[in-house]
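In: Give the three-dimensional model of this entry:
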Amino acid sequence: MPADPEVRAAALASAQRQLQWMSARWVRVVLGFMTGSAVLSLVLEVLDDDRGWRLLPRVGTLVVFGFLALQPRLLRRRVKALSLDDAG
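Out: The predicted model follows:
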């Protein structure tokens, strides 16, 4: 946690803005659509081709989308921690 109250307040405001953006409905819809597309691509690749190395981009896509799905929870924790530090 930043010791300087101004830096902490700026970090809190930044985390709140990021959380607001991540919480937008369209982000969840796009994330769901793209995850579904990645899963479909992965399934079709497994059924169509024997070369496993071609699966790596699809698996990487799923990892990135998993990170994007967890990011709001991490931001909420950060906002809570910065808010508690600010109140205490």
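In: need the contact list for residue 35.
Out: The neighbourhood of residue 35, defined by C-beta atoms under 8 Å, 6 or more residues apart in numbering, consists of 62, 65, 69. Just so you know, the C-beta spots here come from the backbone N, C-alpha and C atoms, and that holds for glycine as well.
In: now the second one, nearest residue through space, not along the chain?
Out: It refers to residue 65. By the measure of C-beta to C-beta, 6 or more residues apart in numbering, the closest residue to residue 65 outside its immediate chain neighbours is residue 35, 4.9 Å from it.
In: From the centroid of this protein, which residue is nearest?
Out: Nearest to the mean C-alpha position of the chain, by C-alpha atoms, centre = their mean, lies residue 68 at 1.8 Å.
In: What strand or helix carries that residue?
Out: Here residue 68 sits within helix 56-87, counting by DSSP states H and E.
In: can you pull the buried residues of that helix?
Out: When neighbours are counted by 16 or more other C-beta atoms under 10 Å, the buried residues of helix 56-87 are found to be 58, 61-62, 65, 72, 75, 78-79, 82.
In: avg pLDDT for the helix or strand hosting residue 38?
Out: Of the helices and strands defined by DSSP H and E, residue 38 is found in helix 25-48. Taken as a whole, helix 25-48 has a mean pLDDT of 78.
In: Not counting residues beside it along the chain, what's closest to residue 68?
Out: According to C-beta to C-beta, 6+ apart, the nearest residue to residue 68 is residue 31 (5.9 Å).
In: if we can go back for a sec, closest to residue 39 out of the contacts of residue 35?
Out: Taking C-beta to C-beta as the measure, residue 39 lies nearest residue 62 of the contacts of residue 35, at 7.3 Å.
In: Please tell me how far the closest one sits from residue 38.
Out: Plainly put, residue 62 is 5 Å away from residue 38 if you go by C-beta to C-beta, to the nearest Å.
In: Could you pull up the residues touching the closest residue to residue 19 other than its chain neighbours?
Out: Spatial nearest neighbour of residue 19, chain neighbours left out: residue 75 (4.2 Å); criterion: C-beta to C-beta, 6+ apart. Contacts for residue 75 (C-beta under 8 Å, 6+ apart) come out as 15, 18-19, 22.
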